[in-house]
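1. No letters, just coordinates:
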């Protein structure tokens, strides 16, 4: 089976992890700090906070921004459930902004219209979580302008988008947001096995996220309610979590990060080849915004005849192609249905889902395997 996504583990990755296994630290030690420094340098951010997953990073990002009961967080319905769940963990309400079906990203037109209504009704969201779907950044210039105008915070969910850029700004520089979150799941562009990272240019946000990932504990006397008993002393100053990354995961991440540009370039080459080979078939790739560099986490096509999606999906599976679908709209999940969401509320996301297929795309995909994917897709569409 040709998987839709797959990690690329090389001997230098194995050696990096072995070096940690032979060291004094296995959990959160000096290698985590080195990974944070490497990642923040790669995306031009001042601070980076490593966590055990991107979901954890989203959660502590929301908490650091003060999201809680009585607040509402908006995000895209075209994403994995974690982009919405992180607000629910904080006791906040969730709402969605429909997408631009040509890109799969949040529609800034729909966002502006929804904000106008929210302002009149006195319910501006506490935060917006735009999702850089498939690796292509959302329109962050407009989102940043709206955030300043309406007074909400922005957390970029860049789980798909390490190595992407909005104009001259690498995703993660936080020029247009308060916090950006990355994922290092094995199907992502670089991996730590499981892992995530929150980056920010705000020292107070970084410090709070660091505490929250480690039980809310501090060794800073300035944050304590009494003088320390000694150098061993610490205090829990708020309710935190065990969201720490291990040195083992960080070592893998450092090694993988050294090949980030290589990975993104290979994905770009494969995407361009798909573009050429799929030309003339009754399907279309996502539109690409001018001046934006995608990280090409996913190669998503939209079928001209959505009624045939399941038939095409099953045919590809039968031909050994690990096709997938990204995503079932979050508001259609039973949990969110119980909160009052229903079919028809976000029609662009629902229509997008009905026609979407994700084709295999990863650095280890060979030209021969990619040709097989396209041949199998052509056969399915021509039957």
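-> Alright, I've got the coordinates. Being a predicted model, the structure only gives us computed values, none of them experimental. Numbers count the residues shown, from 1 in each chain.
2. And the helices in the chain, which stretches?
-> 11-21, 30-43, 54-64, 82-89, 108-121, 140-150, 203-212, 247-257, 260-278, 309-318, 334-337, 347-355, 367-382 (DSSP state H).
3. Quick one: mean pLDDT over the fourth one.
-> Averaged across helix 82-89, pLDDT comes to 98.
4. What is it packed up against?
-> Here helix 82-89 touches helix 54-64, strand 72-75, strand 93-96, strand 127-129, going by 3 or more CB pairs under 8 Å, 6 or more residues apart in numbering; DSSP states H and E. C-beta coordinates here come from the backbone N, C-alpha and C atoms, glycine included.
5. Figure out which of the ones you listed is closest to residue 259.
-> Closest to residue 259 of the helices and strands packed on helix 82-89, according to CB to CB: helix 54-64, at 19.8 Å.
6. what would the helices and strands packed on helix 82-89 look like in a markdown table with mean neighbour count and distance to residue 216?
-> Shown next, in a markdown table, are these (neighbours: other CB atoms under 10 Å; distance: least, CB to CB, whole Å):
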| stretch | mean neighbour count | distance to residue 216 |
| --- | --- | --- |
| helix 54-64 | 27 | 10 |
| strand 72-75 | 24 | 21 |
| strand 93-96 | 20 | 24 |
| strand 127-129 | 26 | 21 |
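7. closest to residue 296 out of these?
-> helix 54-64 (18.0 Å).
8. number of nearby residues for residue 260?
-> 18 (other CB atoms under 10 Å).
9. How confident was the prediction at it?
-> 98.
10. With residue 161 as the reference, measure out to the nearest residue to residue 170 once chain neighbours are set aside.
-> Of all residues not flanking residue 170 in the chain, residue 43 sits nearest, at 4.8 Å (CB to CB, 6 or more residues apart in numbering). Separation of residue 43 from residue 161 (CB to CB, to the nearest Å) stands at 10 Å.
11. can you list the domain ranges for the chain.
-> Domains of the chain are assigned by automatic domain parsing as 11-257, 261-382.
12. Burial-wise, tell me which of those domains comes out on top.
-> Among these, domain 11-257 has the highest mean neighbour count (mean count of other CB atoms under 10 Å), at a mean of 20.
13. what separates it from the chain centre, distance-wise?
-> On the basis of CA atoms, centre = their mean, to the nearest Å, domain 11-257 is displaced by 9 Å from the centre of the chain it belongs to.
14. any idea how far residue 269 lies from residue 361?
-> In this view, residue 269 and residue 361 are 11 Å apart by CB to CB.
15. Tell me if I'm right that the residue nearest to residue 170 and residue 199 touch.
-> Yes. The pair residue 43 and residue 199 qualifies as a contact (CB atoms under 8 Å) at a distance of 6.1 Å.
16. so what's in contact with the two at the same time?
-> Taking CB atoms under 8 Å, 6 or more residues apart in numbering as the contact rule, residue 43 and residue 199 both touch 172, 180.
17. Could you find the closest non-adjacent residue to residue 362?
-> Residue nearest to residue 362 in three dimensions, not counting chain neighbours: residue 6, with 4.7 Å by CB to CB, 6+ apart.
18. contacting residues around the one you found?
-> Taking CB under 8 Å, 6+ apart as the test, what residue 6 contacts is 186, 187, 362, 364, 365.
19. ok so, going back, could I get the helices and strands packed on helix 82-89 as JSON lines with mean pLDDT and distance to residue 48?
-> Listed next are the helices and strands packed on helix 82-89 as JSON lines, based on pLDDT from 0 to 100; distance: least, CB to CB, whole Å:
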{"stretch": "helix 54-64", "mean pLDDT": "98", "distance to residue 48": "10"}
{"stretch": "strand 72-75", "mean pLDDT": "98", "distance to residue 48": "22"}
{"stretch": "strand 93-96", "mean pLDDT": "98", "distance to residue 48": "26"}
{"stretch": "strand 127-129", "mean pLDDT": "99", "distance to residue 48": "19"}
